[in-house]
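Engineer: coordinates for the following, if possible.
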Amino acid sequence: MLLLTSLVRGPRAAMMRAQPVSSLHTSAIVAAAPRPSAPRTKLKSHSAAKKRFFPVMGSGRGSPLSIKFKRTSSNKQHLNSGMSRVRLNRLSGTQVVSSGPVSRMLRRLLGPRL
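Structural biologist: Have a look, this model is predicted:
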């Protein structure tokens, strides 16, 4: 309690008590002050997703919701010397991603690029 009373009794206490708080925040001053615009962040596409997935048109209706994504099969880049030729040939093709949640996630990741 002594600390608070010593701060109030200091030389600046008279100046601090001179201005009422209500005069500092009037609506006229707040309304006249220019408001800074909200910073618009740049939407960036996900670099890993754009290297792995390629957009293709879906059912041909032309709506952006019908976009499907094509990807190459995984597990064929390295450590495949022990795999059978049948498996390696099967992994050489591409896969189409058309399910709802995965396609929605890819549209969000690749949004600026589409």
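
Engineer: what about residue 106, how many neighbours?
Structural biologist: The number of residues packed near residue 106 is 22, by other C-beta atoms under 10 Å. (Glycine included, C-beta is placed from N, CA and C.)

Engineer: spatially nearest residue to it (excluding sequence neighbours)?
Structural biologist: Leaving aside its sequence neighbours, residue 106 sits nearest to residue 69 (C-beta to C-beta, 6 or more residues apart in numbering; 5.1 Å).

Engineer: ok, the one you found touching residue 54?
Structural biologist: Yes - counting by C-beta atoms under 8 Å, residue 54 is a contact partner of residue 69 at 6.6 Å.

Engineer: the two: which is more packed in?
Structural biologist: Between residue 69 and residue 54, counting by other C-beta under 10 Å, residue 69 is the more crowded of the two (21 against 13).

Engineer: SS state for that one?
Structural biologist: strand (DSSP: H, G, I helix; E, B strand; the rest coil).

Engineer: ditto for the one 5 residues further on
Structural biologist: The three-state label for residue 74, taken from three-state DSSP, comes out as coil.

Engineer: I figured residue 67 hits residue 108, correct?
Structural biologist: No - with contacts counted by C-beta under 8 Å, residue 67 stays clear of residue 108, the gap being 12.0 Å.

Engineer: who has more neighbours out of those two?
Structural biologist: residue 67 (17 against 12).

Engineer: now that one: how far from residue 90?
Structural biologist: In this view, residue 67 and residue 90 are 26 Å apart by C-beta to C-beta, to the nearest Å.

Engineer: returning to that earlier point: so what's the residue nearest to residue 106 scoring on pLDDT?
Structural biologist: We have a pLDDT of 90 for residue 69.

Engineer: ditto for the one 4 residues further on
Structural biologist: Residue 73 carries a pLDDT value of 89.

Engineer: equivalent analysis for the one 4 residues further on, please.
Structural biologist: If you check residue 77, the pLDDT there is 88.

Engineer: alright, that wraps it up for me.
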